[in-house]
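> 3D, please:
(one chain, ligands or ions: 1)
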Amino acid sequence: MAVQMKCRHCQQSMGSIEDEHRVYDIIAQQPLSVEEQHDLMTENEEGQKTLNVVCEHCEEILTQNPNLFENDTFIH
Ligand SMILES: [Zn+2]
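Predicted structure coming up:
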């Protein structure tokens, strides 16, 4: 089953990835601890996996407003 990708901040869907190995590559590239990497991927009762990443738009906002990193979600 393809892994859905969505922005962890604005919940915007960023498409899906068919190849799960590619997903682990993406996770490995994130500058996060192992525990945080575990939180990146969530799975619901139906076995649908979702990769919680940061979209380009939110990344830009966070770069300009580093204090927003303190909040898990915000509205834009
Ligand atoms: Zn976003």
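> In the sheet, which residues pair with the residue nearest to the spatial centre of the chain? Tell me.
Central residue of the chain (C-alpha atoms, centre = their mean): V53, 1.6 Å from the mean position. Here V53 sits in beta bridges with C7, as judged by DSSP bridges.
> Contact partners for it?
By C-beta atoms under 8 Å, 6 or more residues apart in numbering, V53 lies in contact with M5, K6, C7, R8, M14, I26, Q30, L40. Backbone N, C-alpha and C define where each C-beta goes, glycine included.
> how close does the fourth one get to L32?
For R8, the distance to L32 equals 12 Å [C-beta to C-beta, to the nearest Å].
> Can you point out the buried residues in the helix or strand containing E35?
Assigned by DSSP states H and E, E35 belongs to helix 34-40. Applying a neighbour-count criterion of 16 or more other C-beta atoms under 10 Å, one finds L40 buried in helix 34-40.
> Name the next helix or strand following it along the chain.
Downstream of helix 34-40, the next assigned helix or strand under DSSP H and E is strand 41-43.
> So K6 is in contact with N52, correct?
Yes. If you go by C-beta atoms under 8 Å, K6 and N52 touch, sitting 6.4 Å apart.
> quick one: the strands in the chain?
For the chain, the strands defined by DSSP state E occupy 3-7, 13-17, 41-43, 49-53.
> Give the lowest-confidence helix or strand of the protein, using mean pLDDT as the measure.
When each helix and strand of the chain is scored by mean pLDDT, DSSP states H and E, helix 34-40 comes last, with a mean of 81.
> can you list contacts of it?
Residues outside helix 34-40 that contact it (C-beta under 8 Å, 6+ apart): I27, A28, Q30, L32, L51, N52, V53.
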